[in-house]
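Participant: quick check, what structure comes out for this input:
(2 chains)
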Amino acid sequence: MSFVEKMMTTVPGDVLPVPETYMANETVAILFTVWAGGFGLAVIPWALYRWLKKQDDIPILMVAGGLVCSLLEPMLDHLGHLWWPTNLPGPAFVGYDLNIPFLIPPCYVFFIAMTGYWAYLRMKDGLDLKGLFLVWLLISFTDVIMEMPGTATKAYIYYGDASFKVFGFPLAWGWLNGTAMLTTGFLLWLLEPRLKGSNRLLIIPVVIVAMGASYGMTAWPYFMSLNWDMPWIATRLLTLLSLVMCLVTVRFIAEVVVSKSDDPVATLRGNQATA
Amino acid sequence: MRANPNSTDPGKAPNKHMLGEEIIWVFLLGDMSVFSLFFCAYLNNRTSTLELFQQSQSLLNVNYGVVNTMLLLASSWFVVGAVAAARRNSGKTCSRMLAWASLCGAAFSVIKYFEYSEKIAAGLTFGSNDFFIFYYVLTGIHFAHLLVGLSLLCYFCFTTRLQSEFNEASLLSISSTAIYWHMVDLLWIIIFPLLYLLP
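Facilitator: Numbers count the residues shown, from 1 in each chain, chains lettered A, B, ... in the order given. Prediction:
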């Protein structure tokens, strides 16, 4: 088959069967559970310490937000063609006929909520445009570092012909998750100073709102590439479009964060009060 | 719920006794907790299938491990020198020390590449047995940590070379990188005897 023929071959996006017989090696299953979930558990004592000893409630509320946000996982797995073998420790819960393993809730605590929290701290300290893109790059890289050992060791699988796979890991998840983490940090940075008293509980849904919003803004071309029937080349181009959407989203966030405004909400409204 | 406006920001060093950012310590302690669980799992599997682990361990080249240990210890020494130079506002020395540390890290990477290539050529791959699962997971994840650290060392090596004064923020960043690098070193010091030397 020539390259042009391959480019134009229709990829049947909507008829992929899940690899339900796919199983992970038992040792690998345990190691990957520790790797992806361990950080989230390890951070909880520190979040409690910040809350109880330092009267800083943000980390513990973000931990709770991360746990709630993990409920999004089966939807993303279904759209993103990810299969969790049923012999991974778990399930924590079942959704879209997918067994979501125990590692997922603590994984969201660390790799979505706490990395978002770190991005928030950086924004609070003050970031320029380059700094903000660097933060995005770093947190995108944390996702790659977390996921690639899992796909490389076949602890779980991205089935089908996803674009730009390295060691079984489609790189698009790196930029999509990185943008979700940055958006989480951004929304926290925007809202946290305005939340007083019992309203501070609204920090919990910040994580799920930001992640949902980010995926809505950036992941639609990638999910389209996986789930629609289309020529092979179109799947690659749409995956690249998701990267462009991520860069646009990061640039939007930068516009507000680097404005040095006393009131970022006013900046969003258009009546900027520069410090 | 309450937020104390006087609470120390974990993104900043909370007092003079803590080097680097509190949040970096949290990440490192989380990382080390995860590795501790890996080590426990390794020791548990090793105890139950001791003969297989000993046979597989004998196929590793201890010399590679020894050289890599020396390289990482040397790199940590250079990093300590770099932090001390930054505190003295000596950008050139700081950059030079970081360059040496980066060189040690790069040499470690090259040796690791040869070691992996040898093992794979000999048919000792990830799926060979449980020992090699642990070997590739432990050394592979450690190697990924090392590459992140190496990128940071190179970055600061270039950005500090013309710096004649280090403000609090840049000192904090260099200290945090140094702490991270020491953790990479510390993890290797545990991985090396576990995988290569344990009788």
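Participant: so where do the helices sit in the stretch 151-275 of chain A?
Facilitator: Remark: helices assigned in the stretch 151-275 of chain A by DSSP state H, counting those that start in this stretch are A:172-191, A:203-218, A:220-227, A:232-257, A:264-269.
Participant: now the last one: average pLDDT?
Facilitator: Summarised as a single mean, pLDDT over helix A:264-269 is 73.
Participant: buried stuff in it?
Facilitator: A:264, A:267 (16 or more other CB atoms under 10 Å in any protein chain shown). Any C-beta I mention is one placed from the backbone N, CA and C, and that applies to glycine too.
Participant: the third one now?
Facilitator: For helix A:220-227, the buried set under the neighbour-count rule, 16+ other CB under 10 Å, comprises A:221-227.
Participant: deepest of the helices of the stretch 151-275 of chain A, which one?
Facilitator: Burial of the helices of the stretch 151-275 of chain A is given as mean neighbour count (mean count of other CB atoms under 10 Å in any protein chain shown); helix A:172-191 ranks first at a mean of 26.
Participant: do me a favour and get the end-to-end distance for stretch A:227-235?
Facilitator: End-to-end distance of stretch A:227-235 (CA to CA, to the nearest Å): 10 Å.
Participant: which of the buried residues of helix A:220-227 lies closest to A:Met23?
Facilitator: A:Leu226 (23.1 Å; CB to CB).
Participant: pretty sure the closest one contacts A:Tyr159?
Facilitator: No. A:Leu226 sits out of contact with A:Tyr159 when judged by CB atoms under 8 Å, with a separation of 10.0 Å.
Participant: does the top helix by length along chain A reach chain B?
Facilitator: Longest helix of chain A, by residue count under DSSP state H: helix A:26-54. Yes. Using CB under 8 Å from any CB of the partner chain, helix A:26-54 comes into contact with chain B via A:27-28, A:30-31, A:34-35, A:38-39, A:41-43, A:46, A:50, A:54.
Participant: what comes up buried for that helix?
Facilitator: Across helix A:26-54, burial judged by 16+ other CB under 10 Å covers A:27-44, A:46-47, A:50-51, A:54.
Participant: tell me which element the spatially closest residue to B:Ser102 that is not a sequence neighbour falls in.
Facilitator: Nearest residue to B:Ser102, sequence neighbours excluded (CB to CB, 6 or more residues apart in numbering or on different chains): B:Leu153, at 4.5 Å. In this assignment (DSSP states H and E), B:Leu153 forms part of helix B:130-160.
Participant: what helices or strands is that helix leaning on?
Facilitator: Under the contact definition 3 or more CB pairs under 8 Å, 6 or more residues apart in numbering or on different chains; DSSP states H and E, helix B:130-160 sits against helix A:26-54, helix A:129-152, helix B:22-48, helix B:50-57, helix B:62-87, helix B:91-121, helix B:168-192.
Participant: show me what contacts the residue nearest to the spatial centre of chain A?
Facilitator: With distances taken as CA atoms, centre = their mean, the residue of chain A nearest its centroid is A:Asn177 (2.8 Å). Counting by CB atoms under 8 Å, 6 or more residues apart in numbering or on different chains, A:Asn177 touches A:111-112, A:140, A:143.
Participant: and chain B, which of those residues contact it?
Facilitator: Subset of the contacts of A:Asn177 in contact with chain B: empty, counting by CB under 8 Å from any CB.
Participant: what's the farthest-apart pair in these?
Facilitator: Maximum distance among the contacts of A:Asn177 (CB to CB): 12.4 Å, for A:Ile112 and A:Ser140.
Participant: between the two, which contacts overlap?
Facilitator: Counting by CB under 8 Å, 6+ apart, the contacts common to A:Ile112 and A:Ser140 are A:177, A:181.
Participant: run a quick neighbour tally on A:Leu79.
Facilitator: 17 (other CB atoms under 10 Å in any protein chain shown).
Participant: excluding covalently adjacent residues, which one is nearest to it?
Facilitator: Residue nearest to A:Leu79 in three dimensions, not counting chain neighbours: A:Phe223, with 4.4 Å by CB to CB, 6+ apart.
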